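A.B. asks: Let's see this in three dimensions:
(one chain, ligands or ions: 1)
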Amino acid sequence: MYAFEIERPTTVAQAVEALKNEVAQELGGGQTLIPTLKQRLAAPEVLVSLSGIAEMQGISVSEGTILIGGGVTHDDVAIGAMAYPTLAALAGGIGDPAVRNRGTLGGSLANNDPSACYPAAALASGATITTNAREIQADDYFQGMFETALDDGEIVVAVSFPIPEGASYQKFVQPASRFALVGVFVAKYADGVRVAVTGAAEEGVFRWREAEAALSADFSAAALEGLSHPAEGMIGDMHGSAEYRAHLIKVLASRAVVDMA
Ligand SMILES: Cc1cc2nc3c(=O)[nH]c(=O)nc-3n(C[C@H](O)[C@H](O)[C@H](O)COP(=O)(O)OP(=O)(O)OC[C@H]3O[C@@H](n4cnc5c(N)ncnc54)[C@H](O)[C@@H]3O)c2cc1C
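C.D. replies: Presented below is the predicted three-dimensional model:
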């Protein structure tokens, strides 16, 4: 690890100011960034810790929406997001206790690992990502593997999730990493069903729109029977071929629907 300075702002405004330094980078829970630094794959000269910013903490519920601060850890979501039980359960299933104790919602969404769990929750829920500068709809936010709509120095301050009538997240765990080999999040709203898939595609999280249309017309596992997801564009690696991942998408989507019955 190269040497770096650390700054500990207590407001978002101070953090934004600190990040104007082009050699500075946000530090959330450090669960991705610190290993990256240890491997010398990145070398920011200044880390701007977001963990002391009160504005980025807290969970609140209002008018059918749960608002979670970008600095809230996975453990705190698991305990505090009971208004959206599937989201709380997803957070409780991330990594291991050490990761959940430090890793944050904002860090996960900023990182947009193609196998991470929160991107599936955000996309399936039609969440809104609030940054220091603007509000970004989940449909516009995820832009490819490790790519998001965030500009340099832009901070994920909070995320609001519309609470669905019902939801289920089915994660096929990659046993070595604890990430999703494939994960499917199904959320049912009054105006339709949204299905988001993580872990499967080279481009990262995506909506399976054919399943959404089928489930919006008939919310049953039978409605998915005639569908299959193509293997094209899916990740193939030592843990599972592209065909295997494509197959898992339908299996997990069906399990989610059965789980919600
Ligand atoms: C062993 C292990 C298992 C894991 N398993 C899972 C899993 O099953 N599912 C899952 O979803 N994730 C998993 N993770 C990832 C974990 O959830 C991380 O906590 C997360 O990806 C990064 O969040 P962080 O707060 O630690 O961010 P950091 O590591 O601090 O930062 C990650 C990136 O985001 C930027 N950043 C951080 N916070 C913000 C912010 N608020 N606004 C803008 N940019 C920001 C940083 O500059 C950096 O580029 C796992 C990690 C490990 C080490």
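A.B. asks: Could you list every helix and strand in contact with the helix or strand harbouring Ala256?
C.D. replies: Ala256 is part of helix 242-260, with elements assigned from DSSP states H and E. Here helix 242-260 touches strand 166-173, strand 180-189, helix 209-217, going by 3 or more Cβ pairs under 8 Å, 6 or more residues apart in numbering; DSSP states H and E. (C-beta placed from N, C-alpha, C; glycine too.)
A.B. asks: quick one: which of those is nearest Glu202?
C.D. replies: The closest of the helices and strands packed on helix 242-260 to Glu202 is strand 180-189. By Cβ to Cβ, the value is 13.1 Å.
A.B. asks: That closest one: partners in the sheet, and parallel or antiparallel?
C.D. replies: Strand 180-189 pairs in its sheet with strand 166-173 (antiparallel), strand 192-198 (antiparallel), by DSSP bridges.
A.B. asks: Helices of the protein, residue ranges please.
C.D. replies: In the chain, the helices defined using DSSP state H lie at 12-18, 33-38, 74-80, 85-92, 97-102, 105-111, 118-125, 138-141, 209-217, 242-260.
A.B. asks: in the stretch 151-261 of the chain, what residue is nearest the ligand?
C.D. replies: Of all residues in the stretch 151-261 of the chain, the one sitting closest to the ligand is Val156 (3.7 Å; Cβ to the nearest ligand atom).
A.B. asks: if I look at that residue, how far off is Ala133?
C.D. replies: Noted for Val156: a distance of 11 Å to Ala133, by Cβ to Cβ, to the nearest Å.
A.B. asks: Looking at these two, which one has more neighbours?
C.D. replies: More crowded of Val156 and Ala133, by other Cβ atoms under 10 Å: Val156, with 27 against 13.
A.B. asks: Go ahead and confirm the more buried one touches Asn112.
C.D. replies: No. Between Val156 and Asn112 there is no contact under Cβ atoms under 8 Å: 10.6 Å.
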